[in-house]
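# curious how this folds, go ahead:
(4 chains)
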Number of protein chains: 2
Amino acid sequence: MSDLAIPLSPELSFLPAKLVRQAYMIGLDSGEALFRRGDMPVAIHCLRAGEVRLVRYSRDGREVVLQRSRGGFFAEASIDAAGYHCDAVAAVPSRVLAVPLVPFKAEMDANADFRRAWGAHLAAELRHLRNRCERLALPTARERLIHYIDSEGQDGVLHCDQGLKSLAVELGITHEALYRTVAKLEREGCVAREGRGLLRLLR
Amino acid sequence: MSDLAIPLSPELSFLPAKLVRQAYMIGLDSGEALFRRGDMPVAIHCLRAGEVRLVRYSRDGREVVLQRSRGGFFAEASIDAAGYHCDAVAAVPSRVLAVPLVPFKAEMDANADFRRAWGAHLAAELRHLRNRCERLALPTARERLIHYIDSEGQDGVLHCDQGLKSLAVELGITHEALYRTVAKLEREGCVAREGRGLLRLLR
DNA sequence: CGTACTTTTGAATCGCATCAAATCTGGTGG
DNA sequence: CCACCAGATTTGATGCGATTCAAAAGTACG
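Residues are numbered from 1 along each chain as shown, chains lettered A, B, ... in the order given. As a prediction, the model looks like this:
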């Protein structure tokens, strides 16, 4: 493919050079679909820029967002599936690196190190999701936010460079509720805001 | 081990006989720990009876349940970890099948079919968790219940043999809220209850 | 038959969603 | 540089739904 010099990043570091060479970049306009439900997977996808959403439609036609990816692999669970179980649609203009499935699977069979790295990747994803489920089961915005800083932040400090509004979506609450919760925690001295995207947990 | 004739079940069907022979059964009393945070994983665990909870403790000592397993593999994400990231404690007297890690990993390296089966298992787990996250992000008990029947039930029919109370935990709401929600949906004719553990979605 | 648990309903309170509006911010083009 | 615009941030008011505490009725099991 013409798209050489693909910038390295943590989520790609374990991909063997052989696979990176065979990968190709896909550009998506806002609203454009990468794949549709039922399509046969032909590649592993890694979001490099923009935002892709995995969506399904309930029987009454409402759209349900299954996953919001802002970077890294997505729909990894469909590698072995006969068809995707949802649509992948770009929410904003995006760039997706596609690693063809055939060489990917061949590498999985041949390369034990790569297998372990991919397994570790999936394991991290599992832990992450379990954590998120646990957080979303908490009853109040306050508890969810503190749980989030505890588990996603580093040493009690959270970098939310995307703004609080998108954090609210992640927490499953409205942005108003989140703003109010942050303000209250700040008043109580439990949390300090430093700059635009920094939350420090004091406790 | 003396525990021969381990009954087969869907979640064990893909385990090679060789591994099943090397597995051993662990009995746990209520409250007994299978492993503690920091312990080095020595086996893959599959819950055969009872209930095991993966728990962590927040800095203020409160217990946080990361996962409630009522059957099947749990803490699969720790296969490659240097230590568990949580405690595993039986909530009721339980029986756990332990498949030693060394032969498990050896089989993963040697047996491509098994690798695929395990990969599919992890993929299913991922899809399941994403679904659950999506559900827990829904704002009302009503929407969560309908989403649950849609996605976990079969053809609009849900078998909740554990009773509505444990379903409430799964939905992240109190059992009172769930009882009221079911009653209201029934009055509206959206849901029919058939026997103790059957919910049919009419819509 | 008694005990423990689930199921069910009631009442009071609290927190969040919703609708609305004002302010702030970064970025664009004149 | 400044005007302007789109989006994020913030605060307010209101209603609904869930939590909480409480209690009664049903059910399984020894």
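# tell me the helix or strand right after the helix or strand of chain A with the lowest mean pLDDT.
Ranking every helix and strand in chain A by mean pLDDT, DSSP states H and E puts strand A:63-69 at the bottom, with a mean of 74. Note on strand A:63-69: by DSSP states H and E, the next helix or strand toward the C-terminus is strand A:72-74.
# so which elements touch that following strand?
Helices and strands touching strand A:72-74, by 3 or more Cβ pairs under 8 Å, 6 or more residues apart in numbering or on different chains; DSSP states H and E, are strand A:43-57. C-beta: built from backbone N, CA, C; applies to glycine.
# and the residue lying closest to residue A:171 once chain neighbours are set aside, its phi and psi?
Excluding its sequence neighbours, the residue lying closest to residue A:171 (Cβ to Cβ, 6 or more residues apart in numbering or on different chains) is residue A:144, at 4.7 Å. The phi and psi values for residue A:144, taken as degrees, to the nearest 10, are phi -60, psi -40.
# so does the biggest helix by length in chain A get close to chain B?
Identified as the longest helix of chain A according to DSSP state H is helix A:112-136. Yes - contact of helix A:112-136 with chain B (Cβ under 8 Å from any Cβ of the partner chain) involves A:112, A:115-116, A:119-120, A:122-127, A:129-134, A:136.
# so how far is that helix from its chain's centroid?
From the chain centre to the centre of helix A:112-136 is a distance of 12 Å (Cα atoms, centre = their mean, to the nearest Å).
# just the angle for that helix relative to strand B:43-57, thanks.
Between helix A:112-136 and strand B:43-57, the angle comes out at 40 degrees (axes from the mean of the first three to the mean of the last three Cα atoms, to 10 degrees).
# now do helix A:112-136: which elements does it pack against?
In terms of contacts (3+ Cβ pairs under 8 Å, 6+ apart), helix A:112-136 is packed against helix A:101-110, helix A:141-152, helix A:164-171, strand B:63-69, helix B:112-136.
# indicate which one of these is closest to DNA strand C.
Proximity to DNA strand C, assessed across the helices and strands packed on helix A:112-136 by Cβ to the nearest atom of the strand, is greatest for helix A:141-152 (3.1 Å).
# report the contact partners of the residue nearest the centre of chain A.
Centroid-nearest residue in chain A: residue A:69, 3.6 Å away (criterion: Cα atoms, centre = their mean). Residue A:69 makes contacts with A:47, A:51-54, as judged by Cβ atoms under 8 Å, 6 or more residues apart in numbering or on different chains.
# check residue A:169 too.
Residue A:169 makes contact with residue A:68, according to Cβ under 8 Å, 6+ apart.
# and it, what pLDDT?
Here the pLDDT value assigned to residue A:169 is 90.
# equivalent analysis for residue A:100, please.
95.
# what of the one 4 residues further on?
In the prediction, the pLDDT value recorded for residue A:104 is 94.
# that one and residue A:77: what is the separation?
Using Cβ to Cβ, to the nearest Å, one gets 14 Å for the distance from residue A:104 to residue A:77.
# same thing with residue A:133?
Distance from residue A:133 to residue A:77, by Cβ to Cβ: 16 Å.
# if we can go back for a sec, which one of the helices and strands packed on helix A:112-136 is the most hemmed in?
Compared across these, helix A:141-152 shows the largest average neighbour count, a mean of 20 (mean count of other Cβ atoms under 10 Å in any protein chain shown).
# tilt between it and helix A:164-171?
Taking the same axes, to 10 degrees, one finds helix A:141-152 and helix A:164-171 inclined to each other by 90 degrees.
# how far off centre is helix A:141-152?
18 Å.
# one more: stretch A:99-117?
Centroid displacement of stretch A:99-117 relative to its chain, using Cα atoms, centre = their mean, is 22 Å.
# before we move on, what about stretch A:176-184?
Distance of stretch A:176-184 from the chain centroid (Cα atoms, centre = their mean) equals 24 Å.
# could you give the mean pLDDT of it?
Across stretch A:176-184, pLDDT averages out at 96.
# contacts for that stretch, please.
A:141-142, A:145, A:164-165, A:167-168, A:171, A:173, A:191, A:193, A:199.
# any chance of the helices and strands packed on helix A:112-136 in JSON lines with distance to DNA strand D as columns?
Formatted as JSON lines, these follow (distance: least, Cβ to the nearest atom of the strand, whole Å):
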{"stretch": "helix A:101-110", "distance to DNA strand D": "34"}
{"stretch": "helix A:141-152", "distance to DNA strand D": "10"}
{"stretch": "helix A:164-171", "distance to DNA strand D": "3"}
{"stretch": "strand B:63-69", "distance to DNA strand D": "15"}
{"stretch": "helix B:112-136", "distance to DNA strand D": "11"}
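# worst mean pLDDT among those?
Lowest mean pLDDT within those: strand B:63-69, at a mean of 74.
# surely the residue nearest to residue A:171 touches residue A:172?
Yes - if you go by Cβ atoms under 8 Å, residue A:144 and residue A:172 touch, sitting 7.2 Å apart.
# common neighbours of the two, please.
In contact with both residue A:144 and residue A:172: residue A:136, using Cβ under 8 Å, 6+ apart.
# now residue A:43: closest residue in space that isn't a chain neighbour?
The spatial neighbour of residue A:43 that comes closest, neighbours along the chain excluded (Cβ to Cβ, 6+ apart), is residue A:98 at 3.9 Å.
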